[in-house]
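1. Sequence and predicted structure are below.
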Amino acid sequence: MYQVIAAIFAMVVGALILAQPTSADAAMLGPGYERHGQATSHLGGYLDPDGSVSYCINAGAPSAIGGVTTDAGLSDQVNGLSPAAMLRLNVVLSRHGNTAENNTAAAVAMAVWSIAGNADYQAEGGDAFVLGRAPVSERAAILALANDFRAEAAAYIAPVGSAMMTLSIDPGDDSLGLLDLTTTPASASGTITLTNAVFADSNSPTRTGVPTGAKLAIRGTPPSAEPYRVSAVGDFTAAGGPSANVHLYTTPGAQTLTASGTSAPLVFSAAARDEADRLVPRLTTVAQPTGIVGRTVIDTASAINVPSAGMQLTWAGYLQPNDVASPTCTAQTLVYSSTKPLTITSDGDYPSEEFPVTEATVGTIHWVETARVRGSVVAQGMCGAASETSVLFPAPPHLPVVSG
C-alpha cells in the first residue's frame, strides 16, 4: 500500500515540477521520505515557490516548511565552501536534483549534506541516521545512489574546449587550398574568419556554424604586398558543464534550501597560418612598337610565378579612337583577340599570335594580356601601358623606278 501511495505522490510531484508555478510564499515537501510522516524529518527534496526542487544544506536545522521562503538567487558561496566544493555541489544538483523520483531525491539529499556540511551531517548521525526515514526495502538502493552521486561529483573535471585549424596550399595552384578543423568536444561549432583569402564556395572571408571535421576550400586574395600568406582565426562554443554556484532559497529561522545553479558554455579560440609563402602569378609585356599595313605585329608576355598546374594566356588589341585622348579599351574598340588560349606551365617569355595590320587598324593599338588559372583571372596587363602599345602606319607609297 505504501508503494502505491509513493507512486501517486511521485506523479503529483512530477506534475508540480513541470507546471508553471503559481503565487506562493512557502516551500512544500517534495519527493522523498519522512519518518512516520513527520515533515521535520524529511529525506529528499522540497518544492520551492517557483516550482524548483531544492535540498537542505544545513543538517539538523529547523525545517523550512510553514515559513515564508524567499528566492535568494544565485550564489557562489555557501557554508564557507571552496570553489571546488561548490562545483561538486552543483554537479549533484544539476544532474540529479530536479527529480520527482523518491529514491533519487533521497540520495541527492544525502550527497548534498555530505558536501555542503559534512561535519554537521556526521554529527547528526550521517547516512545511517537519515536512512531511517526511508522504508527498509529502499534503504540499500538509496545508499548506493548516494554513493554514486558522491563519487561522480568527486571525479568531475570541468570540460575544456580546444580546436585545431590547419591551412594547406594546393600543390598545383598557390591561390587555392583547404582549411581543416578539428574540435574537442566534437559537438562544438564556431565562426572562422580568413585574412588574404575567401571561402571558395561563397567568396566570403567569414563562415559561421563551422562544425568539427570540416574541410573547406579557400581561395587566396593577394594583398598589395607579395608574396603573401593566408591566416584564419576561429571562435567556437560548445555545451559546457555545471558552474561553481547554486540557487538559494531562504526561510527565516529555518534551513537554507539550494537547487541547481548555472551551466557555463565552453568558449574557446584557435588560429592558423600558411606554413609557406603563396606566390602570385605576374605578367610583364613588351609589344612590337611599330608596324605597317600588310605586315604583322606581336606582343610578348613574360610570365613569372606560373603555378605547376599551368595557366592560360590570351591577348587582346584595342584601337585608340582619334577623338579620345586617354587610352580606351572597350568592346567597341576591340580589333584583335587570341583565337585560342596559350597554356603555359613554367616561367618564361611567350609571344602572342601575329596581329595582321590592315588599313582599318592604322593608329595606336593598346595590348592587354590576361592570365587565367582554372578560369579565374590571376594577372592582367594595363590598358595604355607604354610597353604594351604598338603604333601602326599605312604602307609607304611605291616610288617610280627612274632609269639613268
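-> Thanks, I have the structure now.
2. Touching stretch 166-179 from outside, list them.
-> Outside stretch 166-179, the residues that touch it by CB atoms under 8 Å, 6 or more residues apart in numbering are 165, 180, 192, 194, 197, 200, 214-220, 222, 230-232, 272-276, 278-280, 305, 307-309, 373-374, 376, 378. (Each C-beta comes from the backbone N, C-alpha and C, glycine too.)
3. filter these to the buried ones?
-> 165, 192, 194, 197, 214, 216, 218-220, 222, 230-232, 272, 274, 278-280, 305, 307, 373-374, 378 (16 or more other CB atoms under 10 Å).
4. Sort out for me which of those residues are in strands.
-> Secondary structure of the buried ones among the contacts of stretch 166-179 is defined by DSSP state E; positions in strands are 165, 192, 194, 197, 216, 218-220, 231-232, 272, 373, 378.
5. where does residue 121 land in three-state SS?
-> Assigned by DSSP: H, G, I helix; E, B strand; the rest coil, the conformation of residue 121 is helix.
6. could you dump stretch 274-289 to CSV, C-alpha only?
-> What follows is stretch 274-289, C-alpha atoms only, in CSV (Å, rounded to 0.1, in the frame of the first residue of the first chain):
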residue,chain,number,x,y,z
ASP,A,274,50.1,29.2,-44.0
GLU,A,275,53.4,27.5,-43.4
ALA,A,276,54.9,28.8,-46.7
ASP,A,277,54.5,31.8,-48.9
ARG,A,278,51.9,31.9,-51.6
LEU,A,279,53.2,33.2,-54.9
VAL,A,280,51.2,35.4,-57.2
PRO,A,281,51.5,35.0,-61.0
ARG,A,282,52.6,38.2,-62.7
LEU,A,283,53.0,39.4,-66.3
THR,A,284,55.3,41.9,-67.9
THR,A,285,55.0,42.5,-71.6
VAL,A,286,56.7,44.2,-74.5
ALA,A,287,54.7,44.9,-77.6
GLN,A,288,56.3,45.4,-81.1
PRO,A,289,56.5,49.2,-81.1
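7. Strand partners (parallel or antiparallel) of the helix or strand containing residue 249?
-> For residue 249, the enclosing helix or strand under DSSP states H and E is strand 246-250. Paired neighbours of strand 246-250 in the sheet (DSSP bridges): strand 70-75 (antiparallel), strand 257-260 (antiparallel).
8. which one of the ones you listed has the most crowded surroundings?
-> Mean neighbour counts were compared across the strands paired with strand 246-250 using mean count of other CB atoms under 10 Å; the top stretch is strand 257-260, at a mean of 26.
9. how distant is that one from the center of its chain?
-> Relative to the centre of its chain, strand 257-260 is centred 34 Å away, using CA atoms, centre = their mean, to the nearest Å.
10. Surely residue 254 touches residue 61?
-> Yes. Between residue 254 and residue 61 there is a contact under CB atoms under 8 Å: 6.6 Å.
11. quick one, which of those two is more surrounded?
-> Neighbours were tallied for residue 254 and for residue 61 using other CB atoms under 10 Å; the higher tally belongs to residue 254 (19 against 16).
12. Doesn't residue 139 belong to a helix?
-> Yes. Secondary structure of residue 139 (three-state DSSP): part of a helix.
13. which stretches of the protein form helices?
-> Assigned helices in the chain, in chain order: 2-18, 83-92, 102-116, 118-123, 126-130, 136-155 (criterion: DSSP state H).
14. contacting residues around residue 227?
-> Contacts were defined as CB under 8 Å, 6+ apart; by that measure residue 227 touches 277-280.
15. Identify the residue spatially nearest to it, adjacent ones excluded.
-> What sits nearest to residue 227 in space, not counting adjacent residues and going by CB to CB, 6 or more residues apart in numbering, is residue 277, at 3.8 Å.
16. pLDDT score for that neighbour?
-> According to the per-residue confidence, residue 277 scores 93 in pLDDT.
17. again, but for the one 10 residues further on
-> Per-residue confidence (pLDDT) for residue 287: 96.
18. gap between it and residue 206?
-> As for residue 287, its distance to residue 206 is 42 Å (criterion: CB to CB, to the nearest Å).
19. The two: who's more crowded?
-> residue 287 (27 against 11).
20. residues contacting that one?
-> Taking CB under 8 Å, 6+ apart as the definition of contact, the neighbours of residue 287 are 297-300, 365, 367, 387-390.
21. From these, which land in strands?
-> For the contacts of residue 287, secondary structure assignment (DSSP E) places 297, 299-300, 365, 367, 389-390 in strands.
22. now, which of the residues you listed sits nearest residue 79?
-> Checking the ones in strands among the contacts of residue 287 against residue 79 by CB to CB gives residue 367 as the nearest, at 85.1 Å.
23. returning to that earlier point: ok, and which of the helices of the chain has the densest surroundings?
-> With neighbours taken as mean count of other CB under 10 Å, the helices of the chain reach their highest mean count in helix 102-116, at a mean of 26.
24. And that one, what does it pack against?
-> Helices and strands touching helix 102-116, as assessed by 3 or more CB pairs under 8 Å, 6 or more residues apart in numbering; DSSP states H and E, comprise helix 2-18, strand 28-34, strand 42-47, strand 53-56, helix 83-92, helix 118-123, helix 126-130, helix 136-155.
25. mind checking how far it is from the chain centre?
-> Using CA atoms, centre = their mean, the distance from the centre of helix 102-116 to the centre of the chain it belongs to is 39 Å.
26. And residue 372, how far from residue 134?
-> Between residue 372 and residue 134 the distance is 80 Å, computed by CB to CB.
27. whoops, residue 57 was the one
-> Relative to residue 134, and taking CB to CB, residue 57 is found at 20 Å.
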